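# sequence and predicted structure are below.
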Amino acid sequence: NDEFQELEPHVPMIVASREHDNGWREWDNRPTIDPVAGQPWSFATLTYIEHAKLYWRGMLRAAEDDPYEGLMVSMHSRGLYNQRYHTDLALTRVPRDQKEKIAVNKVVKNSELLQKKLRRKLAASSEYRRQASDQQIWRNYCLLQVFDRLALHVCWKGEVPYTIHPVPTDYDNGKEQTLN
């Protein structure tokens, strides 16, 4: 689409889009069962204790693969615990008890430390220095959330009308759109 600038850095953003939930891979192969429903937990109902472990594993896996990919996956995972950095107010799930709060607080703290480490690595990198500004990282994070939210909406709601904002269209001028 002519209205959108190409992703920068292209490959890490494509991989992060594909791998942002990669910590679930092992769980998907051997899911735990919701004793009430008698079926596997969904990602929306799994306890935050397990949820946090899965996302932490995914953050580490992505960071090992590539620092930019790791930063995007870490921001995605961290954002699930604060309404995607307050860009998705419909995301209202909260920890149910003290054990879940502890698990969430731990993964939040660890993800923030990981993000600081990855940002330093990107800023020092000749490959990524140009894409390591706070503005570009934020715009890429928002784009990753657009991709995730669109995929979730199509899978869960189909053709029901839906709005996503912000949708960055470039890196230089701060242009955004709303998708309806």
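That came in fine, so what should we check first? Numbers count the residues shown, from 1 in each chain.
# contacts for whichever strand or helix holds Tyr141?
Taking DSSP states H and E as the criterion, Tyr141 maps to helix 134-157. Applying Cβ atoms under 8 Å, 6 or more residues apart in numbering, the contact partners of helix 134-157 are 7-8, 13, 16-17, 20, 71-72, 75-76, 79, 84-85, 87-88, 119, 131, 160, 162, 164, 166-168, 171, 174, 179. C-betas here are computed from N, CA, C, even on glycine.
# can you do 7 Å?
If you take Cβ atoms under 7 Å, 6 or more residues apart in numbering as the criterion, helix 134-157 is touched by 7, 13, 16-17, 20, 71-72, 75-76, 79, 84, 87-88, 162, 164, 166-168, 171, 179.
# got it, and stretch 172-180?
In this structure, residues lying in contact with stretch 172-180 by Cβ under 7 Å, 6+ apart are 146, 161, 163-169.
# what ranges do the helices span in the chain?
Assigned by DSSP state H, the chain shows helices spanning 10-19, 25-29, 48-65, 67-79, 83-86, 98-124, 134-157.
# give the buried residues for the second one.
Of the residues in helix 25-29, those with enough neighbours to count as buried (16 or more other Cβ atoms under 10 Å) are Trp27.
# next, the buried residues of the helix holding Tyr141.
136-137, 139-149, 153.
# quick one: least confident of the contacts of stretch 172-180?
Among the contacts of stretch 172-180, Pro161 carries the weakest pLDDT, at 78.
# contacts only, for it.
Per Cβ under 7 Å, 6+ apart, neighbours of Pro161: Asn180.
# distance of it from Arg84?
Relative to Arg84, Pro161 is positioned 20 Å away (Cβ to Cβ, to the nearest Å).
# and if you look at Asp2?
For Asp2, the distance to Arg84 - Cβ to Cβ - is 27 Å.
# cool, Tyr162 as well?
15 Å.
# burial count for Thr47?
17 (other Cβ atoms under 10 Å).
# what's the answer for the one 10 residues further on, then?
Other residues within reach of Arg57 by the criterion other Cβ under 10 Å amount to 17.
# apart from its chain neighbours, what residue comes closest to the residue nearest the centre of the chain?
For the chain, the residue nearest the mean C-alpha position is His76 (1.8 Å; Cα atoms, centre = their mean). Leaving aside its chain neighbours, His76 sits nearest to His20 (4.6 Å; criterion: Cβ to Cβ, 6 or more residues apart in numbering).
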